[in-house]
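> Would you be able to build a 3D model of this:
(one chain, ligands or ions: 1)
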Amino acid sequence: MEQLKTLVVEGDAKGSETRVQELLDQGVTATDIMQKALIPAMDKVGELFQSGEYYLPEMLVAAKAMQQGLKVLKPILAQGKAHSAGKAVIGTVKGDLHDIGKNLVGISLEGAGFEVIDLGADVAAEKFVVAVREHEPKVLGLSALLTTTMLGMREVITALTKAGLRQNVKVMVGGAPITQRFATEIGADYYGADSTSAKDYARTVQ
Ligand code: B12
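Prediction:
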């Protein structure tokens with residue numbers, strides 16, 4: 001696990017992919033690989049960036065290495081369940097390009113049987129509104145990783161209200177800078193600290 005963490009921090013995408021497969025072959029679970037190596041690796045990269053040891057390019061290659069490892073895990077984590085739980089629309093808010101956490105939320109929701117409509121990253125409020133109108137999902141999941149973009153979540157909720165759609169969908173929010181207090185303040189229905197809680201909440205929505 002330590003070796004995988006190092007490979008991701010150092011941005012070795014091929015090595016990360018190979019090591020994830022080796023760990024799976026050794027019987028380590030996909031969840032453990034994610035929670036004990038891939039996510040901690042991203043935390044380490046964040047620390048290195050903050051302390052000035054890493055710059056944007058290093059952060060980018062590390063993110064690629066994480067995504068390469070995640071690719072191997074995705075089929076296992078999402079495990080081909082029938083889409084029986086309903087629909088979920090997800091996306092990262094406008095101005096924000098961070099999509100790894102949002103992708104994990106999508107994988108968890110798929111694993112729980114949701115049909116996931118992923119709008120991607122840097123998504124404008126209006127685009128969320130159009131998707132909610134078109135797909136009529138049970139839940140809308142919004143992600144933000146920057147303190148400068150998190151207010152975009154409020155814009156989405158306001159736009160849904162203006163469009164008369166707010167009552168039709170439960171809005172859940174998450175991402176590193178998001179807190180329960182912020183979620184309550186902007187009128188979201190749920191704050192989740194990780195992808196597992198996102199899926200657990202979505203399952204409770206009727
Ligand atoms: C990888 C990374 C990048 C990559 C992103 C690649 C990609 N495809 O996503 C790149 C290199 C592009 C990048 C760019 C930037 N980044 Co950056 N980045 C990171 C880093 C290292 C890891 C993020 C990550 O993927 N974490 C792993 C995932 C799994 O965790 P997560 O996203 O938090 O998601 C989990 C939960 O939060 C939750 N969750 C997430 N979304 C949702 C949604 C719902 C509905 C729910 C319920 C739950 C949920 O579930 C997930 C799974 O557990 C973080 C540091 C960190 N520790 O967060 C900095 C960080 C977020 N970045 C930062 C900064 C400053 C930037 C830049 C502004 C740098 C620059 N000078 O240009 C740019 C901004 C670009 C932009 N416009 O978005 C800062 C933000 C500071 C702040 N307070 O705003 C951080 C914290 C680094 C730091 N310590 O300074 N970054």
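> which residues in the protein form strands?
Residue ranges of the strands in the chain, as given by DSSP state E, are 86-92, 114-118, 139-143, 170-174, 190-191.
> Now tabulate those strands in TSV and tack on distance to the ligand, mean pLDDT and mean neighbour count.
All C-beta atoms are positioned from the backbone trio N, CA, C, and that covers glycine. As requested, the strands of the chain are exported to TSV (distance: least, Cβ to the nearest ligand atom, whole Å; pLDDT from 0 to 100; neighbours: other Cβ atoms under 10 Å):
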stretch	distance to the ligand	mean pLDDT	mean neighbour count
strand 86-92	7	97	24
strand 114-118	12	96	20
strand 139-143	3	98	29
strand 170-174	2	98	23
strand 190-191	7	98	20
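> Take the ones you listed and write them to CSV, including distance to Lys64.
Shown next, in CSV, are the strands of the chain (distance: least, Cβ to Cβ, whole Å):
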stretch, distance to Lys64
strand 86-92, 17
strand 114-118, 19
strand 139-143, 19
strand 170-174, 22
strand 190-191, 29
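> Would you mind measuring from Asn103 to the ligand?
Remark: distance between Asn103 and the ligand (Cβ to the nearest ligand atom, to the nearest Å) = 8 Å.
> again but with Gly111, I slipped
Distance, Gly111 to the ligand, using Cβ to the nearest ligand atom: 13 Å.
> What is the burial count for the closest residue to that residue other than its chain neighbours?
Spatially, and ignoring its direct neighbours in sequence, Gly111 is nearest to Ala78 (4.8 Å; Cβ to Cβ, 6 or more residues apart in numbering). For Ala78, the neighbour count with other Cβ atoms under 10 Å is 17.
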